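Asker: Need coordinates for the below:
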Amino acid sequence: MAKTKKIDYIYEKGRRREASARIRLLKGKGESLVNDVSLAQYFPGDVNRTLLERPFALTKTLDKHHFTVKVAGGGKNGQLEAVILGIARALVAVNPDFRPILKKAGLLTRDPRTRERRKVGMGGKARRKKQSPKR
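Answerer: Okay, here's the model as predicted:
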């Protein structure tokens with residue numbers, strides 16, 4: 001008989017623009033890591049920390065969970081928002097009662113805005129028009 005591995009974490013994904021984050025939410029207090037680097041190093045600044053703590057603060061689970069994240073693509077801001085979405089989804093997986101709280105705060109909604117594709121014959125940019133000759 002094959003051995004079964006006990007999974008002691010919740011796995012969720014979050015995306016924003018070109019950024020994609022894979023979150024493992026673990027029980028207990030511990031250090032949260034992003035791409036094997038501490039959270040404060042990867043997302044420096046108080047504003048980023050408060051944004052990351054927002055899903056935990058709203059659900060009053062600030063010291064009950066920690067997480068590890070693998071994030072790739074996009075810029076730092078897109079990556080940050082992808083991580084926040086993934087954390088919110090993971091908290092809903094832990095306790096479905098958190099869903100209305102996080103939904104009302106707008107943390108479960110994926111932002112659909114992405115980069116507009118470049119069109120042919122437009123002079124290099126998505127919406128730029130080629131200059132027309134006057135005569």
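Asker: Tell me the predicted confidence for residue 108.
Answerer: At residue 108, the pLDDT value in this model is 92.
Asker: In contact with residue 79: list those residues for me.
Answerer: By CB atoms under 8 Å, 6 or more residues apart in numbering, residue 79 lies in contact with 16, 19, 21, 71, 73. The C-beta positions use only the backbone N, C-alpha and C, and glycine is treated the same way.
Asker: Hmm, residue 76 and residue 43 touching each other?
Answerer: Yes - taking contacts as CB atoms under 8 Å, residue 43 lies within contact range of residue 76: 7.1 Å.
Asker: what about these two, which has more around it?
Answerer: Taking neighbours as other CB atoms under 10 Å, residue 43 and residue 76 compare with residue 43 leading, 20 against 13.
Asker: How about the contacts made by the more buried one?
Answerer: Residues touching residue 43, when contacts are defined by CB under 8 Å, 6+ apart, comprise 34, 49, 52, 76, 80, 83.
Asker: Those residues into JSON lines, with extra columns for pLDDT?
Answerer: Supplementary listing: the contacts of residue 43 in JSON lines, determined by pLDDT from 0 to 100:
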{"residue": "34", "pLDDT": "93"}
{"residue": "49", "pLDDT": "92"}
{"residue": "52", "pLDDT": "92"}
{"residue": "76", "pLDDT": "93"}
{"residue": "80", "pLDDT": "95"}
{"residue": "83", "pLDDT": "95"}
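Asker: Just the buried positions in stretch 94-111, please.
Answerer: 94, 98, 101-102, 107-108 (16 or more other CB atoms under 10 Å).
Asker: Are we agreed that residue 70 is in a strand?
Answerer: Yes - assigned with DSSP: H, G, I helix; E, B strand; the rest coil, residue 70 falls within a strand.
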